[in-house]
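Asks: take a look and give me a structure for this.
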Amino acid sequence: MDPNTSSLKDPPGAPGCVPVPAGLATLAAEVDELVADDLDALPDALLAEQVLTMHRLLGQFEAACLRRLDAADTRGAAGAEAGTQAPSTAAWLRASLQMSPGAASRRVRVARALHRGPLPETARALAAGEIT
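Replies: From the prediction side, this is the model:
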């Protein structure tokens, strides 16, 4: 296995095995715990606060994803994880994540607009959790 990746729960090649870059392994494990939470055991106030906090965190995580997508697009890194070069960043997203062509193209356009275009303040606010 690549020393820069780890898998969640299962050995490589096992059904349900998801390769995760080492820097995200702890986050992935925490998400697994959240997915398994017994929501009936949570008091209403805590449940409501978790919903709001998770939405803010989703925005911040989205900002981190879009920043990395823009960097991969700028560097022509699409496909590098498989040792290939994709014809385009959108094509890579379509093939790797089973995204529709429209959704993949929109993701790339948004990443570019936030980080190389007219929306740097929006990118900052998203990363800060100020907007979703």
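
Asks: any idea of the mean pLDDT for stretch 122-131?
Replies: In this model, stretch 122-131 has an average pLDDT of 95.

Asks: okay, buried residues for that stretch please.
Replies: By neighbour count on 16 or more other Cβ atoms under 10 Å, the buried set for stretch 122-131 is 122-123, 126-127, 129. For every residue, glycine as well, the C-beta is placed using N, CA and C.

Asks: out of those, the closest to Gln85 would be?
Replies: Closest approach between these and Gln85, by Cβ to Cβ: Ala123, at 26.5 Å.

Asks: send me the helix or strand hosting that closest one as PDB with only the CA atoms.
Replies: Taking DSSP states H and E as the definition, Ala123 sits inside helix 120-127. The C-alpha coordinates for helix 120-127 follow below in PDB (Å, rounded to 0.1, in the frame of the first residue of the first chain):
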ATOM      1  CA  PRO A 120     -11.600  35.200  -3.600                       C
ATOM      2  CA  GLU A 121     -13.700  36.800  -0.800                       C
ATOM      3  CA  THR A 122     -16.300  34.100  -1.200                       C
ATOM      4  CA  ALA A 123     -13.500  31.500  -1.000                       C
ATOM      5  CA  ARG A 124     -12.200  33.100   2.200                       C
ATOM      6  CA  ALA A 125     -15.700  33.200   3.800                       C
ATOM      7  CA  LEU A 126     -16.400  29.600   2.900                       C
ATOM      8  CA  ALA A 127     -13.100  28.500   4.300                       C
END
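
Asks: enumerate every residue touching the residue nearest to the spatial centre of the chain.
Replies: Nearest residue to the geometric centre of the chain (Cα atoms, centre = their mean): Cys65, 4.6 Å. Contact analysis of Cys65 by Cβ atoms under 8 Å, 6 or more residues apart in numbering lists nothing.
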